[in-house]
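Enquirer: Compute the structure for the input listed below.
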Amino acid sequence: MTDQTPAPYAGPRRILSGIQASGALHLGNYLGALKRFTTLQDSGAPLFVFVADMHAITVWQDPEKLAAQTREIAAAYLAAGLDPARATIFPQSAVPAHAELAWIFNCVARLGWLDRMTQFKEKSGKHKERSSVGLYTYPVLQAADILLYKATEVPVGEDQKQHLELTRDIAAKFNTDFGVPNFFPQPEPLIQGPGTRVMSLRDGAAKMSKSDPSDLSRINLTDDADTIAAKVRKARTDMEPLPETVEGLDGRAEAKNLVAIYAALADTTREAVLAEFGGQGFGAFKPKLAELAVSSMAPVTAKMRRLMADPAEIDRALTAGAERAREVAEPVVDEVKKIVGFWRA
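Expert: Modelled structure (predicted):
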C-alpha cells in the first residue's frame, strides 16, 4: 500500500469571529471589526459571531458588570447591522462545549507552542508568575472556539495571525495523533482589504482605546450626534494643509489618522480623500469629516443606546443564537470524545 496525501477538508464553509466582553466599544472596534462582520453575513457561508466572556475572565472582571458587558457587545453587533436571522450571535459561555474541547486541546497542544505566543508576554509584562493560567492558555481556548464549529475562515488582524497558526497546528496534530485525517479543517485567515487601524483623536501615535483617560480621544458607540461632531472638531491636528499624496502624510500622525478615518467611513481610499481635500486646511476638512462621521455613526450609536436601555431584544437574540450554536457544537464535541476514547454509555 502506498502513502497517499489526505483529501482536502470536505466540510462546509463556516466563518467565525468574536469580541471579548470587556465593554466600552468605540470607532476603532466598529471600523476594524463590526462593520466588516456585517458584510460577512452575505458571503454565502454561515456566520458565527460570539461574545468572548470566557476569554474576558483571564484577567479580573467585576462579576456584576460582566453580564452587562456581554449585552453591550451583543448590542454593538445588532446596532452595526448583524441580523440574528442570518448570523448566529451568542455568548461563548452559553455553549459548554467550548470548555470541553479546550481541555482536550490543552492535552494536544505543546508547551513550547504556548511559550512562543507573543501576546502573553505583552499582556503579562514583567510579572508573568502573577498572571492567571487562563491568560497563558487562552490561545488553546481560542483554537477550541474556532474548531468547535469547524470554521474554515476566520477574520484576523495582524495581532491574531499567530493564534490562527496555533489553531492550525492543533488541528493538524489532533488529526494525525488520532488517525482522523481532515476531521478538523485548517482554517484560513480571512483578509477583507486593508485593515483600518484607528488612532487616538488626541494622539495620532497611540491606538484609540477605551482605557485612555481622555474621552475626547475616542468616539464611543454610545455617543450621540452632537458629541461625535464635537470630538471630530476638537481632534488634534497640525498647522499644515493636507497633502495631495499619501506619501505626504508621512510624519504627520494626526493628519494620517483623520484621513484614514474619512476613507474608512466613506468606503473609499486615502488617495481619493486627498484628491478631494489635498491642499486644503483642517478648517475645511474637519467639518466634512464631522458630517460624515455623524451620518455614518449616529444611526449605529442611537440603536446601541436604545438596545442598552431595553435589553430584552438583546437577550432574545443571544438565547436563540446560543441554541443554534449548541446544535452545531455538541455533535462535534461528542464525536471528539468518541475519537479520544472517553467512556460512553
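
Enquirer: From here on, just use CA atoms for contacts and neighbour counts.
Expert: Fine.

Enquirer: Can you point out the buried residues in whichever strand or helix holds Met297?
Expert: Element membership for Met297 (DSSP states H and E) is helix 282-309. Within helix 282-309, the residues scored as buried using 16 or more other CA atoms under 10 Å are 282, 285-286, 288-290, 292-294, 297-298, 300-305, 307-308.

Enquirer: What's the local residue count around Trp60?
Expert: 8 (other CA atoms under 10 Å).

Enquirer: Wasn't it part of a helix?
Expert: No. Counting by DSSP: H, G, I helix; E, B strand; the rest coil, Trp60 is not part of a helix but coil.

Enquirer: could you check the distance from it over to Ala102?
Expert: 20 Å (CA to CA, to the nearest Å).

Enquirer: For Pro133, which phi and psi angles does the backbone take?
Expert: Let me fix one detail, which is that residue 133 is Val and not Pro. phi -60, psi -30 (degrees, to the nearest 10).

Enquirer: residue ranges with poor pLDDT in the stretch 101-250 of the chain?
Expert: Low-confidence segments of the stretch 101-250 of the chain, defined by pLDDT under 70: 121-126, 158-159, 192-196.

Enquirer: Which residue ranges of it form helices?
Expert: 111-115, 118-124, 133-147, 161-177, 225-233 (DSSP state H, counting those that start in this stretch).

Enquirer: Deepest-packed of the ones you listed, please.
Expert: Comparing those by mean neighbour count (mean count of other CA atoms under 10 Å), helix 133-147 comes out on top with a mean of 22.

Enquirer: Please compute how far the helix holding Met297 lies from its chain's middle.
Expert: Relative to its chain's centre, helix 282-309 lies at 21 Å (CA atoms, centre = their mean, to the nearest Å).

Enquirer: Who are the packing partners of the helix or strand following it?
Expert: Heading C-terminal from helix 282-309, the first helix or strand you meet, by DSSP H and E, is helix 312-340. With contacts taken as 3 or more CA pairs under 8 Å, 6 or more residues apart in numbering; DSSP states H and E, helix 312-340 sits against helix 63-80, strand 87-91, helix 97-106.

Enquirer: Quick one, which of the helices of the stretch 101-250 of the chain gets closest to Met239.
Expert: Minimum separation from Met239 across the helices of the stretch 101-250 of the chain (CA to CA) falls at helix 225-233, 14.5 Å.

Enquirer: which helices and strands sit right next to the helix or strand just after that closest one?
Expert: Downstream of helix 225-233, the first helix or strand assigned by DSSP H and E is helix 253-266. With contacts defined as 3+ CA pairs under 8 Å, 6+ apart, helix 253-266 has these neighbours: helix 270-277, helix 282-309.

Enquirer: I'd like those as JSON lines, with mean pLDDT and distance to Val95 appended.
Expert: Converted to JSON lines, the helices and strands packed on helix 253-266 look like this (pLDDT from 0 to 100; distance: least, CA to CA, whole Å):
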{"stretch": "helix 270-277", "mean pLDDT": "96", "distance to Val95": "42"}
{"stretch": "helix 282-309", "mean pLDDT": "96", "distance to Val95": "23"}
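
Enquirer: Leu221 touches Thr301, doesn't it?
Expert: Yes. Using CA atoms under 8 Å, Leu221 makes contact with Thr301 at a distance of 5.0 Å.

Enquirer: Verify the stated contact: Gly81 with Thr38.
Expert: Yes. Between Gly81 and Thr38 there is a contact under CA under 8 Å: 5.8 Å.

Enquirer: how close does Glu313 get to Phe37?
Expert: From Glu313 to Phe37 the distance is 20 Å (CA to CA).

Enquirer: ok, back up a step: mean neighbour count and distance to Glu165 for the helices and strands packed on helix 312-340 - can I get that in a markdown table?
Expert: Shown next, in a markdown table, are those (neighbours: other CA atoms under 10 Å; distance: least, CA to CA, whole Å):
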| stretch | mean neighbour count | distance to Glu165 |
| --- | --- | --- |
| helix 63-80 | 21 | 26 |
| strand 87-91 | 25 | 24 |
| helix 97-106 | 20 | 14 |
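
Enquirer: out of the ones you listed, nearest to Thr227?
Expert: Ranking the helices and strands packed on helix 312-340 by proximity to Thr227 (CA to CA) places helix 63-80 first, at 18.0 Å.

Enquirer: picking up where we left off before, between Glu313 and Phe37, which has more neighbouring residues?
Expert: Phe37 (25 against 14).
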